[in-house]
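1. Here's my sequence, what's the structure:
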Amino acid sequence: MGWKAAEKLIRHWKILRGDNVMIIRGKDKGETGTIKRVIRSQNRVIVGGKNLVKKHIKQGQGHEGGIFSVEAPIHASNVQVIDPVTGKPCKVGTKYLEDGTKVRVSRGIGASGSIIPRPEILKIRTTPRPTVLGPKDTSMDIVLEKTYDAKTGRGMPEL
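-> Here you go, the predicted model:
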């Protein structure tokens, strides 16, 4: 599946991994699925179980060969996020709430204007944060130590 890099990359992605989307163009038009992967360098997404193509794989060491069905990437313009209230495809906009948090909202004709929740899969960290200090980590007591006093000017280096 050798695809060239996109000529014009999408700057502000509105489709995220884990979103429920509907395919609006192509052989799977009208079907819904979940985004498995976003390929930003090609402006493409992979929808789980959709846009299946046959791939011939040669037998090698440790794996069998044969003809397999794999999910091919779809251009990002050919999918739309599903409105959580109406269940129809909609455009995605952004809005700031009163407390200052940035949220995605549904826009367009027939859209409810409701908040599109952030996918649960993005809330899970792939690599857990380390709990034990490493050799190059700074300990918390050194970090919290006050080294400069603004009122007296102590702690300033002599220039």
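
2. could you pull out the strands for this structure?
-> In the chain, the strands defined using DSSP state E lie at 20-23, 32-39, 44-47, 52-57, 66-71, 74-75, 79-82, 89-96, 102-107, 115-116.

3. pLDDT score assigned to K4?
-> For K4, the model assigns a pLDDT of 66.

4. hang on, the earlier thing: now render the strands of the chain as JSON lines, adding distance to P130.
-> C-beta here means a position set from N, CA and C on the backbone, and glycine is covered the same way. As requested, those are exported to JSON lines (distance: least, Cβ to Cβ, whole Å):
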{"stretch": "strand 20-23", "distance to P130": "34"}
{"stretch": "strand 32-39", "distance to P130": "27"}
{"stretch": "strand 44-47", "distance to P130": "31"}
{"stretch": "strand 52-57", "distance to P130": "38"}
{"stretch": "strand 66-71", "distance to P130": "34"}
{"stretch": "strand 74-75", "distance to P130": "37"}
{"stretch": "strand 79-82", "distance to P130": "35"}
{"stretch": "strand 89-96", "distance to P130": "33"}
{"stretch": "strand 102-107", "distance to P130": "29"}
{"stretch": "strand 115-116", "distance to P130": "33"}
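
5. among the ones you listed, which is nearest G155?
-> Across these, G155 has its closest neighbour in strand 102-107 (36.8 Å, Cβ to Cβ).
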